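Visitor: fold the following.
(2 chains)
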Amino acid sequence: MLIDSESRLSFEKSTPGRRGAALPKKKLLTKGASELVPHSLRRQNAAELPELTEPEVVRHFVNLSKKNFSIDTHFYPLGSCSMKYNPKVNEWAAGLDSFALVHPLQPEETIQGWLRIYNELEQDLKEITGMDRFTLQPAAGAQGELCGMMIVRAYHSSRGDHSRRRVLVPDSSHGTNPATAALLGYEVVQIKSNARGRVDLEELRRNLDHRTACLMLTNPNTLGLFEEEILEITQLVHKAGALLYYDGANFNALLGIARPGDMGFDIVHLNLHKTFSTPHGGGGPGSGPVGVKEKLVPFLPLPLVEKVKDRYAFKGNGPQSIGRLKAFHGQSGMILRAYVYIRTLGLSGLKQVSEDAILNANYLKERLKEFFPVAVDEPCMHEFVLSAKPAVPKGLHAIDVGKRLLDFGFHAPTVHFPLVVPEALMIEPTETESKETLDRFADALIQIRHEIDTNPDVVKNAPHSLPIRRPDEVLAARNPILTYQDFCESNQNPSVGAQLIAPEYKGAINRAPTIL
Amino acid sequence: MHYHPLTAEDRRAMLETIGVGRFEDLLAGIPQKLKTRGLSLPEATSELELRRALEEIGRENRSTKNALSFLGGGSYEHFIPAALPQLLSRNEFYTAYTPYQPEASQGTLQTIFEYQSLISELTGMAVSNASHYDGATSLAEAGLLALRHTGRRKLLVSRATHPHYRQVLRTYVESADFTVEEIGFDKEGRFQREEFESLLTDEVGGVVFQTPNFFGVVENLEKVAELVHRKGALLILAANPMSLGVLRPPGEWGADMATGEGQPLGVPLGFGGPYLGYFAVTKELVRKIPGRLAGMTIDGEGRRAFVLTLQAREQHIRRERASSNICTNEALLALAACIYLTLLGKEGIREVGELNLDRANYLREEIAKLKGFRVAREAPIFNEFVVFSEKPFAEIEKKLIPQGILPGIDPSSFYPELKNAFIVCATETKSKEDLDRFAKALKEI
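Guide: Numbers count the residues shown, from 1 in each chain, chains lettered A, B, ... in the order given. Model prediction:
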């Protein structure tokens, strides 16, 4: 069967006349929409949304949820993503009426509680990172990067220094780094890593000059390695008149252990949804606060929150500010959750986060390295990278190993990244996993290693236990069906639609509302 | 720490497996002088104490639970069916990661696909992406797309567009070395047609209007798309999705891109975020749309499957050649909007739009009757409108807040010419008693 009832869309379950919500009937005016809005400004054809009762809607979405892996159901060792447990007290706090039902444009005297949260989280992040000031406005890590690089640009141009058109990134960097720099018109120069997976100082020296605006660095880097020569690096970059940007994706390794501010970074972005436990939500919302050193404070986006005596107030930034990055103040719900997390853990708990994250990563690496070669065999920080190279002679790749892991009830690691390691399997266990879970995971990977030699087909064709297997991504891109409307159209076109629609299902599709 | 499972015995055994004597040996690569000593942070708080403290801090906020709020301006109080937060709190949804492994994420992927379908249908556009950070950033990304697509350097934006959106648009567009010019509005709060036509030159790559605009006015965009397209530019409309059950959608106005704030669709006020920006385009622009897209395909056994698609545009593949640096959407908020629209359905979305029209127009008529207040009445409104007062707004606020009424938004910091004016919003959440109480309180000032 090509489509079973489980993969039907809400649109395909629709029956005319059904409804899933009851709204007030009573109108206050005798005039209706047709008198309140001229005909030409009104919608002429009804929006054909699905028509289902509340129980149908509930069953639809609950059944869909069951087709997901999640951190509350599965171990999720995704490198550089810090898939840690999302504490429930955070959710409790964000759901409080006194926080959730507050409008962002209310007068300051009616939002003192929220402003206090903003202010105190900023103080905490300053202390944890060693930076002088934070904006909590950026909506995600990538927007934090954009904010940071806008500050870089504004800083250099405020000094009349317009020759700095280059941004340096290591070849192991996250894809967002070069993408962000390029978005602002910078030329991106890739710095090769040395044999130990770190920034090659010689290579860096060669590329640093009066044209360099910034070096973007992740520390520990995407190989999970601490940049041991970080002080030399920051010194070199500063001597060349450029700035240093810290990509905080891997900050989960350093809580209470080392601070980017002390290393010499000028700008830092953090991911509250990684290090500070706010849920990933299936791909957002995130939150990407940006911290800077004193000399860059005037460039921060507006507004900031200040404490004046015992009251909190918004303060617009001056004329050098890069401006506004999103409507209102920030991802408030995420900011509150991160605040609760920091208060729950306290100083010792935060330090324990990084220590256990590092210990878990090193332990797993040790258990696995004889089965899959480790990219750089040294003590790692919170993550490490293995290579699935031993699978290649059998026609298998890192992605196949990842898919096979799904059958064991583990999410795949980050695969084929960083690009500097062939067949990379990037593994970040986080601190909230037990030794038993790590052992089960290691056992699974070891078994897969064995299967590669003895039964490669079982790996090649994995996963075997999930609702679908190896969807055709080429077909999806060549012939994009991005909406139900597209689907109905392709249904008219036998060459495409026929592949997607089971003959036994044709009847049901014809019963669905026509929206073409 | 109750989130951290390793016991002392575990740690000892693990260090032994690793082959180091002490945990500190694993940190040998960190220069000694960089090691943090003694941060100034409080120690752990128990859940019981923390919850008490948070409730205390919460009391320093005024919520719509203990105030009658007439604030809108891009963040709206709407009815949220009880089923919605329950579904949204399914652990499998909110604690999942980005759906990079389709086999393990069909739930999230199908809901994104349904969200894209619902937004396309509502806006009358061909394709929607999986959502953006918020209404302001989706508008800014649309502006950039228009300029890159046309190869031109200037955007026109109506000054009646939300001030924060215009600020964000400037931040994005100017940082890419493009320029923005603004179109003024008339005394009813509608964009100035003559000014728009005179500013629309061959340099312009995109034109932005919001409807209903910041003043609540439903713009008449007759012939606008035609004029914009004749000049070779693209039309971007920012529409409140909540209005589109009754108001003419961007697609029917001939827009090339529709963007806006999705918060009205089932997301609580939440002090301004997280929200979601919707972003929908014509067929022609589909391969240029920034952000994530879910698509339908089949798997090896011919089963229907959903995947992230057209990823060749994205940063993790293309690095510095990507069309945007975006690597998330607002998946959980898009799910909220998806559930909301599915619950409301075809009839519900029209009815809720009509209720908003009804409540706002009723309140406008009641305030128009009051001495000392004036409202513009010619232009149609959706759920908010401008009130001009003889008294300064600060004085009105000062009198009404102690009575538990938040009377509206002061636009004067963004529009100095709108002195003693305030913007009032009334959605379906307001009963006749609520609206009459507000009018009475204004009368007694």
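Visitor: now for the residue of the stretch 51-200 of chain B at minimum distance from chain A: which residues touch it?
Guide: Per CB to the nearest CB, B:G58 is where the stretch 51-200 of chain B lies closest to chain A, at 3.0 Å. Bear in mind the C-beta positions are built from the backbone N, C-alpha and C, glycine included. If you count contacts by CB atoms under 8 Å, 6 or more residues apart in numbering or on different chains, B:G58 has them with A:L96, A:D97, A:S98, A:F99, A:G113.
Visitor: helix or strand: which one has the fourth one?
Guide: It stands for A:F99. helix A:97-100 (DSSP states H and E).
Visitor: which helices and strands sit right next to that helix?
Guide: Judged by 3 or more CB pairs under 8 Å, 6 or more residues apart in numbering or on different chains; DSSP states H and E, helix A:97-100 is in contact with helix A:112-129, helix A:332-368, helix B:47-58.
Visitor: make JSON lines from the ones you listed and add mean pLDDT and distance to A:P38 to it.
Guide: Output for the helices and strands packed on helix A:97-100, formatted as JSON lines (pLDDT from 0 to 100; distance: least, CB to CB, whole Å):
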{"stretch": "helix A:112-129", "mean pLDDT": "98", "distance to A:P38": "40"}
{"stretch": "helix A:332-368", "mean pLDDT": "98", "distance to A:P38": "38"}
{"stretch": "helix B:47-58", "mean pLDDT": "98", "distance to A:P38": "45"}
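Visitor: so which of the ones you listed comes closest to A:L296?
Guide: Of all the helices and strands packed on helix A:97-100, helix A:112-129 sits nearest to A:L296, with 13.5 Å by CB to CB.
Visitor: helices or strands up against the helix or strand just after that closest one?
Guide: Per DSSP H and E, the first helix or strand lying C-terminal to helix A:112-129 is strand A:133-135. Using 3+ CB pairs under 8 Å, 6+ apart as the contact test, the elements touching strand A:133-135 are helix A:112-129, strand A:290-292.
Visitor: redo that, cut-off 6 Å
Guide: Applying 3 or more CB pairs under 6 Å, 6 or more residues apart in numbering or on different chains; DSSP states H and E, we find strand A:133-135 packed against strand A:290-292.
Visitor: in its sheet, which strands sit next to the strand it packs on, and in what direction?
Guide: Within its sheet, strand A:290-292 is paired with strand A:133-135 (antiparallel), strand A:267-269 (antiparallel), according to DSSP bridges.
Visitor: contacting residues around the helix or strand following that strand?
Guide: Counting by DSSP H and E, the next helix or strand C-terminal to strand A:290-292 is strand A:304-308. Strand A:304-308 has contacts (CB atoms under 6 Å, 6 or more residues apart in numbering or on different chains) with A:L115, A:Y118, A:N119, A:Y312, A:A313, A:K315.
Visitor: now tabulate those in a markdown table and tack on neighbour count and distance to B:F382.
Guide: Shown next, in a markdown table, are the contacts of strand A:304-308 (neighbours: other CB atoms under 10 Å in any protein chain shown; distance: CB to CB, whole Å):
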| residue | neighbour count | distance to B:F382 |
| --- | --- | --- |
| A:L115 | 21 | 31 |
| A:Y118 | 23 | 31 |
| A:N119 | 17 | 36 |
| A:Y312 | 22 | 33 |
| A:A313 | 15 | 32 |
| A:K315 | 11 | 33 |
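Visitor: ok, A:P456 to chain B distance?
Guide: Using CB to the nearest CB, to the nearest Å, A:P456 is found at 17 Å from chain B.
Visitor: spatially central residue in chain B, please.
Guide: Nearest to the geometric centre of chain B sits B:E261, at 2.9 Å (CA atoms, centre = their mean).
Visitor: which ones are touching the nearest residue to it once chain neighbours are set aside?
Guide: In space, and not counting its chain neighbours, B:E261 is closest to B:G135: 2.9 Å by CB to CB, 6 or more residues apart in numbering or on different chains. Under the criterion of CB under 6 Å, 6+ apart, the contact list for B:G135 reads B:G260, B:E261, B:G277.
Visitor: what sits closest to the last one if chain neighbours are left out?
Guide: Right, the one you point to is B:G277. In space, and not counting its chain neighbours, B:G277 is closest to B:S138: 3.0 Å by CB to CB, 6+ apart.
Visitor: after the host helix or strand of that neighbour comes which helix or strand?
Guide: Using DSSP H and E, B:S138 falls within helix B:135-150. For helix B:135-150, the following helix or strand on the C-terminal side (DSSP H and E) is strand B:154-158.
Visitor: got the contact list for stretch A:142-160?
Guide: Contacts of stretch A:142-160 (CB under 6 Å, 6+ apart): A:138, A:164, A:176, A:180-181, A:184, A:213-214, A:243, A:245, A:267, A:269, A:288, A:290, A:296, A:299, A:320, A:322, A:325, B:175, B:325-327.
Visitor: ugh, typo on my part, it should be stretch A:428-437
Guide: A:75, A:77, A:79, A:82, A:84-85, A:353, A:356-357, A:360-361, A:364, A:383, B:3-5, B:10.
Visitor: hey, where'd the strands end up in the stretch 101-250 of chain B?
Guide: Taking DSSP state E, counting those that start in this stretch, the strands of the stretch 101-250 of chain B run over residues B:127-128, B:154-158, B:179-183, B:204-211, B:234-239.
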